[in-house]
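Participant: Got a sequence here, can you model it:
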Amino acid sequence: MTAQAKTSQIRNIGIVAHIDAGKTTVTERILFYTGRSHKMGEVHDGEAVMDWMPQEQERGITITSAVTTCNWENQEIHIIDTPGHVDFTIEVERCLRVLDGVVAVFCAVGGVEPQSETVWHQADKYGVPKIAFINKMDRPGADYFGAIKMMAKRFNSIPLPIQIPVYENDRFEGIVDLIGQQVVTWDDDTLGIDYNYSDIPPEMEPRAKKYREKMIEAMAEVDEAIAEKYLEGIDITAKEIMEAIRKATISLKLVPVMCGTALRNKGIQQVLDSVVKFLPSPEDIPPIEGVNPQTQEKENRKSSNKEKFSALAFKVMMDEGRKITYLRIYSGKIRAGDDVYNPGKKTRERVARLLKMHANKRERVIEAGAGNILAAVGLKETSTGDTLCDESNPIVLEPIEFYAPVISQAIEAKTPQDQEKLILALAKLAHEDPTLKVKYEKETAQTVISGMGELHLDIVTDRLKREFNTNVNVGKPKVVYRETIEKRTEIEGIFSKELGEKKHYGHVVLCLEPGERGGGLRVIKEIDDDQISAEFYEFIEEGIMDATSSGVVAGYPVTDVTIRVTGGSFKEGESTELGYKIAAATAFRDGCSKGNPILLEPVMMVDIIAPSEFMGEVIGNINARKGEVGNITNKGSITEIKARVPLEQMFGYSTDLRSSTQGRGTFSMQFLKYDKS
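Facilitator: Numbers count the residues shown, from 1 in each chain. A predicted model of the protein is given here:
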């Protein structure tokens, strides 16, 4: 198929899962069976096509989302393989923003693990239809129906098993296809390329019939046509079932569930069939909504080549010093050499080249239409989350939300020659990764980098050394705190000064009140326009917000405070924007000083999975780290422990967990809230 596949023949999908569920192995098998690669890359050998970064190959984990394209059943499938580690959640978030469907991979032993829960909810947030693949069915302790029960319990979606596993002498041999009512087995000698459909043997028929009945019952609850035939006892054809499943999947009512073992080359072709049959093409999804920057009216664009051009830049990558911008085209067409408009930055940019990506390899294309995911070279000003469109028909699409960093560390160049390289390298990395923040602390004369976790910062420093040849010294990671107040306080701020032969006057009265944890900042106007002219109110608010960026305890940002503007005064000819801005900022800082200011520290939700026999040691260690154990769930031979622990207490935890569980425990953590330290 050419680059000009019809929009109805495109599938934009992501492979998402918890770390170690096997999603990169699933992606490698997909590439092999679709003929996109001619050798199966293995994660454990460091040879996976999609894990192309040296850091990914060494650690055996996915760090950056990689894009590729393959063909199956005359359909063009664009695949994004996403990271499973919580430190790289932004990679999943920005990919889900532009995808039309998701293959969620679960481990048959671990079931619904912490990060798979997170990515599932991220997909729900963007309304992305899903199909599920229960992987590792060959492992001891694999429990297909146990994993499905966990899905039903943890998610709002209804899982619909369309296959059941076939075992011979406790060995996973194949599956029963409940829609076509056949057994599928794979040929080990051809690496699973050849697979056979055969009739269900008599001894399996009662079980297959039971689960097919359950499948149709579940479908009848969400599809009227199926319900009618089911209640009247009329036979429902495989074609009718597939059409009903497609409809219910796209409308987020059902999630088809399949099983297999990617490492043993079983079950992947059926996943590809389900991607084509059940997940939507760009034409099947609702038109993308945005705002016209000129009229501020809502507009939408259908996924059609005939519409005016609109696209979202969802990822920026530096490759051999060249900036590559990944785009999802929502409407219209784009050609290499075209000028495009960035309405957020009010700039025009020229697309020098268009590239179809295969991990870090690329293929040049002349033009691309609606529904395509591809990369562009030449967009100098465009950042992650920016909209690109036709200048005569501008639209701003919903941007991508980014997470605030929770951990920071000082970094310095070893030599003066490295200093210049370090500044340029950090600017490039921060442009690539919106969750990486770089700040120069004047008081300590240090450059501080902030990110989502220890591994995140570790990868950043590793890339500085390898990709940018920058020799750096790194300080110990430090927690990023917040500040708040505990007592209600009223305060007055007056600024009256002559600056540059002009009198500047501002006078405000503020009431500061402690807010709820996680409530953020709220500024409420409680003054009449005859007290202070309405034109100055936005500068009062600006002054307050500027002052919140640095608190009075240790200079950390202030949060969870309600600020009421209750009074002030106005002097004709003297009141100025600057006067009110300074008066409001001064009043806020003085109010914080008198309001019992305290530090808030980040508290993490920690999910630990460890063999049950080590549960006592794991809980003891969490308690020693000032943690609070929440849920304890037994999953057979393993136990899942959910706990809340201050981030500062989590440094070095991976080493402790490994030593207390003989290397068999794993954990993930994500930010929960800021709380009193």
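Participant: For the helix or strand harbouring Lys323, buried residues please.
Facilitator: Using DSSP states H and E, the element containing Lys323 is strand 322-331. Across strand 322-331, burial judged by 16 or more other Cβ atoms under 10 Å covers 323-331. To be clear about C-beta, it is placed using only N, CA and C from the backbone, and glycine gets the same treatment.
Participant: Could you export it as CSV, CA atoms only?
Facilitator: Below are the C-alpha coordinates for strand 322-331, written out as CSV (Å, rounded to 0.1, in the frame of the first residue of the first chain):
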residue,chain,number,x,y,z
ARG,A,322,18.2,17.6,13.7
LYS,A,323,14.7,18.4,15.2
ILE,A,324,12.0,16.0,14.2
THR,A,325,8.3,16.8,15.0
TYR,A,326,5.8,14.1,15.2
LEU,A,327,2.3,15.1,13.8
ARG,A,328,-1.2,13.6,13.8
ILE,A,329,-3.0,15.0,10.8
TYR,A,330,-6.7,15.4,11.7
SER,A,331,-8.0,17.0,8.5
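Participant: Mean confidence (pLDDT) on the helix or strand that that strand is followed by, please.
Facilitator: Going down the chain from strand 322-331, the next helix or strand is strand 334-335, by DSSP H and E. Averaging pLDDT along strand 334-335 gives 94.
Participant: any idea how far strand 334-335 is from the chain center?
Facilitator: When distances are taken as Cα atoms, centre = their mean, to the nearest Å, strand 334-335 is centred 28 Å away from the chain's centroid.
Participant: which residues are contacting the next helix or strand after it?
Facilitator: Counting by DSSP H and E, the next helix or strand C-terminal to strand 334-335 is strand 339-342. Here strand 339-342 makes contact (Cβ atoms under 8 Å, 6 or more residues apart in numbering) with 309, 311, 334, 347-351, 379, 381-382, 386-391, 394.
Participant: What residues sit buried inside the helix or strand where Asp546 lies?
Facilitator: Counting by DSSP H and E, the element that carries Asp546 is helix 537-548. Within helix 537-548, the residues scored as buried using 16+ other Cβ under 10 Å are 537, 539-545, 547-548.
Participant: Same question for stretch 585-598.
Facilitator: Buried residues in stretch 585-598 (16+ other Cβ under 10 Å): 585-592, 595, 597.
Participant: can you check stretch 446-457 too?
Facilitator: 447-457.
Participant: How about stretch 635-651?
Facilitator: In stretch 635-651, counting by 16+ other Cβ under 10 Å, buried: 635, 638-641, 643-650.
Participant: can I get those residues in JSON lines with secondary structure, pLDDT and distance to Lys136?
Facilitator: As requested, these are exported to JSON lines (DSSP: H, G, I helix; E, B strand; the rest coil; pLDDT from 0 to 100; distance: Cβ to Cβ, whole Å):
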{"residue": "Lys635", "secondary structure": "strand", "pLDDT": "70", "distance to Lys136": "14"}
{"residue": "Ile638", "secondary structure": "strand", "pLDDT": "77", "distance to Lys136": "14"}
{"residue": "Thr639", "secondary structure": "strand", "pLDDT": "85", "distance to Lys136": "19"}
{"residue": "Glu640", "secondary structure": "strand", "pLDDT": "85", "distance to Lys136": "17"}
{"residue": "Ile641", "secondary structure": "strand", "pLDDT": "90", "distance to Lys136": "22"}
{"residue": "Ala643", "secondary structure": "strand", "pLDDT": "93", "distance to Lys136": "26"}
{"residue": "Arg644", "secondary structure": "strand", "pLDDT": "93", "distance to Lys136": "30"}
{"residue": "Val645", "secondary structure": "strand", "pLDDT": "92", "distance to Lys136": "29"}
{"residue": "Pro646", "secondary structure": "strand", "pLDDT": "91", "distance to Lys136": "34"}
{"residue": "Leu647", "secondary structure": "helix", "pLDDT": "85", "distance to Lys136": "32"}
{"residue": "Glu648", "secondary structure": "helix", "pLDDT": "84", "distance to Lys136": "36"}
{"residue": "Gln649", "secondary structure": "helix", "pLDDT": "87", "distance to Lys136": "33"}
{"residue": "Met650", "secondary structure": "helix", "pLDDT": "82", "distance to Lys136": "28"}
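Participant: Using a markdown table, lay out these together with distance to Glu441.
Facilitator: Shown next, in a markdown table, are the buried residues of stretch 635-651 (distance: Cβ to Cβ, whole Å):
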| residue | distance to Glu441 |
| --- | --- |
| Lys635 | 45 |
| Ile638 | 44 |
| Thr639 | 43 |
| Glu640 | 40 |
| Ile641 | 37 |
| Ala643 | 32 |
| Arg644 | 30 |
| Val645 | 27 |
| Pro646 | 23 |
| Leu647 | 20 |
| Glu648 | 19 |
| Gln649 | 24 |
| Met650 | 23 |
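Participant: Pick out the most distant pair among those residues.
Facilitator: Largest separation among those by Cβ to Cβ: Lys635 and Glu648, giving 30.0 Å.
Participant: Name the SS class of the residue nearest the centre of the chain, please.
Facilitator: The centroid of the chain falls nearest to Glu93 when counting by Cα atoms, centre = their mean (2.1 Å). What DSSP: H, G, I helix; E, B strand; the rest coil gives for Glu93 is helix.
Participant: That one touches Gly385, doesn't it?
Facilitator: No - contact criterion Cβ atoms under 8 Å: Glu93 and Gly385 do not qualify, at 10.6 Å.
Participant: Produce a PyMOL select command limited to the buried residues of the contacts of strand 339-342.
Facilitator: In PyMOL, this line selects whichever of the contacts of strand 339-342 come out buried by 16+ other Cβ under 10 Å:
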select buried, resi 309+311+334+349+351+379+382+386+387+388+389+390+394
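Participant: Sort out for me which of the contacts of strand 339-342 are in strands.
Facilitator: Using DSSP state E, the subset of the contacts of strand 339-342 located in strands is 311, 334, 347-350, 387-389.
Participant: Make a markdown table from these and add distance to Thr295 to it.
Facilitator: A markdown table is the format used below for those (distance: Cβ to Cβ, whole Å):
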| residue | distance to Thr295 |
| --- | --- |
| Ala311 | 21 |
| Ile334 | 24 |
| Thr347 | 20 |
| Arg348 | 20 |
| Glu349 | 23 |
| Arg350 | 27 |
| Thr387 | 16 |
| Leu388 | 19 |
| Cys389 | 14 |
